[in-house]
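Engineer: Provide a 3D model corresponding to the input given below.
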Amino acid sequence: MSIELAEPTAREGGHRNARPHAVVLGSEAQAVAAARAVADAIRPLATDRSRESAPPAEQLDILFQSGVPAIAVPKALGGLGASIETIADTVRIISHADGGIGQILQLHNVMIAGLFNSGMPETRAYFAPLVLRGDRFANALAEVGGKNKLTFKTTLTPRPEGGHVLNGRKFYATGSYLADWLMVGCAGENGAVRSAYVPRNEPGVTVIDDWRAFGQRNTMSGTVIFEDVIVPDEFAPDRGKPARTGLTLAQILHAAIDTGIARGALDASIDYLQHHSRAWIESGQDRIADEAHVIKQIGELASAAWLAEVALRHASQVFDRQIADPQNEELTTEAILAVANARVQSDHASLRIGTHLFDLLGASAVLDKWNLDRFWRNARAHTTHDPIRWRLHAIGDHALNGATPVDFPLSPENRVRFLAG
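Structural biologist: So this is what the prediction gives:
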């Protein structure tokens, strides 16, 4: 079912005018079904190695026209108001087909969550119909260099006549090249961390397709430059004090990406074994699928994928309960730790399956035409984004010392101040 939305009266995003409006999905079951249809449509494109470094215009047209990227819009603003469980499941399903497109969807969901959690009603009201019609939101958060990830050289400076001016340079700006809107992390007055939402084609914005990596190659995670970009007040909502779950949504969607990659690698391995591999002569079997060692190893890999999926589903359900009861500190701790455990299991499964599938498939499996190494490459690239050692630290510090976990990057001294209120 398609619903025509009123056109916004203010400025437009980058590529919006050339595209039809997205489908508006009426239920969470429809959202999951739509995600599966998108995955089926983009999977053949993901197997084509020659397409990996090109901006994924066709894939994103399919994804954003499906309505899946809009399911998080709250019901009060005309949207589906999907649960975390469903949002995470759609990211997992898309990542099963293409981890890079899954990452673009993940960042889009995190960026629009910042809008809908804004304390400015006019900001929420302005952007909701844009998300519903299919606008694409990308991040421009990280910078090269600096003491840490929140030490921004990009600045948001107030103008005497109102609004702000934005200046700086970003990298790792996933999805930016084909986005309509960029969510920019920047330093405001007195160095306070601020955010700004900027149309991708706004004067003074330059987006460069210079992301060159061995994995997640189609994520367009390159450079964005901002030179004297004017930002209205309603496009720079005050972040306020972050909650303990400030990055829990990002974390669980990271887990969804890697869980999807893990299952995608396993399914591709099974398909290859069933249709292309030969039994090893010493096995005495006619089919490699009857080799005892192969059966055992597939069982181990299938168990790893299953464990990641169970951990993701459990963490999503706990996080949904925490969102409904945000003042419950015990439930907040449970949600953060459940998501951390999902991250650990998904990290382990995606890397293990992507690596060890080649132990089973035979020498022909390394040929470029199969592109089976994409699963390991994508998992290895994506799992570097947020170090798993700090998720393990949160789990271990709570188990050993009763430490309260905080899902937000803070220095040790700032963490003490944060918990002290």
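Engineer: Show me the domain layout of the chain.
Structural biologist: Annotated domains of the chain cover 16-136, 155-235, 248-420 [automatic domain parsing].
Engineer: so what pLDDT did the spatially most central residue of the chain get?
Structural biologist: Centroid-nearest residue in the chain: residue 106, 2.2 Å away (criterion: CA atoms, centre = their mean). pLDDT for residue 106: 98.
Engineer: Residue 345 too?
Structural biologist: Looking at residue 345, its pLDDT is 98.
Engineer: go on, residue 287?
Structural biologist: For residue 287, the model assigns a pLDDT of 94.
Engineer: these two touch, right, it and residue 279?
Structural biologist: Yes - between residue 287 and residue 279 there is a contact at 5.8 Å, judged by CB atoms under 8 Å. Where you see a C-beta, it was placed from the backbone N, CA and C, and this is true even at glycine.
Engineer: secondary structure class for residue 151?
Structural biologist: Assigned with DSSP: H, G, I helix; E, B strand; the rest coil, residue 151 falls in the coil class.
Engineer: neighbours around it, how many?
Structural biologist: With neighbours defined by other CB atoms under 10 Å, the count for residue 151 comes to 12.
Engineer: separation between it and residue 126?
Structural biologist: Distance from residue 151 to residue 126, counting by CB to CB, to the nearest Å: 30 Å.
Engineer: can I get the domains of the chain in a markdown table with distance to residue 144?
Structural biologist: Formatted as a markdown table, these follow (distance: least, CB to CB, whole Å):
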| stretch | distance to residue 144 |
| --- | --- |
| domain 16-136 | 18 |
| domain 155-235 | 5 |
| domain 248-420 | 15 |
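Engineer: Out of the ones you listed, which is closest to residue 147?
Structural biologist: Nearest of these to residue 147, taken as CB to CB: domain 248-420 at 9.5 Å.
Engineer: That closest one: end-to-end distance?
Structural biologist: Distance across domain 248-420, first residue to last, is 20 Å (CA to CA, to the nearest Å).
Engineer: how far does it sit from the chain's center?
Structural biologist: Centre-to-centre, domain 248-420 and its host chain are 14 Å apart (CA atoms, centre = their mean, to the nearest Å).
Engineer: Touching stretch 41-52 from outside, list them.
Structural biologist: Identification of contacts with stretch 41-52 by CB atoms under 8 Å, 6 or more residues apart in numbering yields 56, 58-59, 62-63, 94, 97-98, 100-101, 217-218, 368, 370-371, 374.
Engineer: how about 6 Å then?
Structural biologist: Residues from elsewhere that reach stretch 41-52 (CB atoms under 6 Å, 6 or more residues apart in numbering): 59, 62, 97, 98, 217, 218, 368, 371.
Engineer: Residue 287 and residue 279 - which one has more neighbours?
Structural biologist: Legend: neighbour count by other CB under 10 Å for residue 287 and residue 279, higher for residue 279 (16 against 13).
Engineer: check contacts around the more buried one.
Structural biologist: With contacts defined as CB under 6 Å, 6+ apart, the neighbours of residue 279 are 285, 287, 288, 291.
Engineer: rerun that using 10 Å as the cut-off
Structural biologist: By CB atoms under 10 Å, 6 or more residues apart in numbering, the contact list for residue 279 reads 285, 286, 287, 288, 289, 290, 291, 294, 362.
Engineer: Over to residue 325?
Structural biologist: Applying CB under 10 Å, 6+ apart, the residues near residue 325 are 331, 332, 335.
Engineer: And the strands in the stretch 1-150 of the chain, which stretches?
Structural biologist: In the stretch 1-150 of the chain, the strands defined using DSSP state E, counting those that start in this stretch lie at 137-140.
Engineer: would you list every one of the helices in it?
Structural biologist: With DSSP state H, counting those that start in this stretch as the criterion, the stretch 1-150 of the chain has helices at 28-46, 57-65, 84-97, 99-116, 121-133.
Engineer: can you put these in CSV and add distance to residue 166?
Structural biologist: Output for the helices of the stretch 1-150 of the chain, formatted as CSV (distance: least, CB to CB, whole Å):
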stretch, distance to residue 166
helix 28-46, 33
helix 57-65, 25
helix 84-97, 29
helix 99-116, 16
helix 121-133, 16
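Engineer: So what's the residue count around residue 368?
Structural biologist: Residue 368: 9 surrounding residues under other CB under 10 Å.
Engineer: Would you mind confirming that residue 394 is in contact with residue 403?
Structural biologist: Yes - if you go by CB atoms under 10 Å, residue 394 and residue 403 touch, sitting 7.9 Å apart.
Engineer: Mind listing the shared neighbours of the two?
Structural biologist: By CB under 10 Å, 6+ apart, the residues touching both residue 394 and residue 403 are residue 333.
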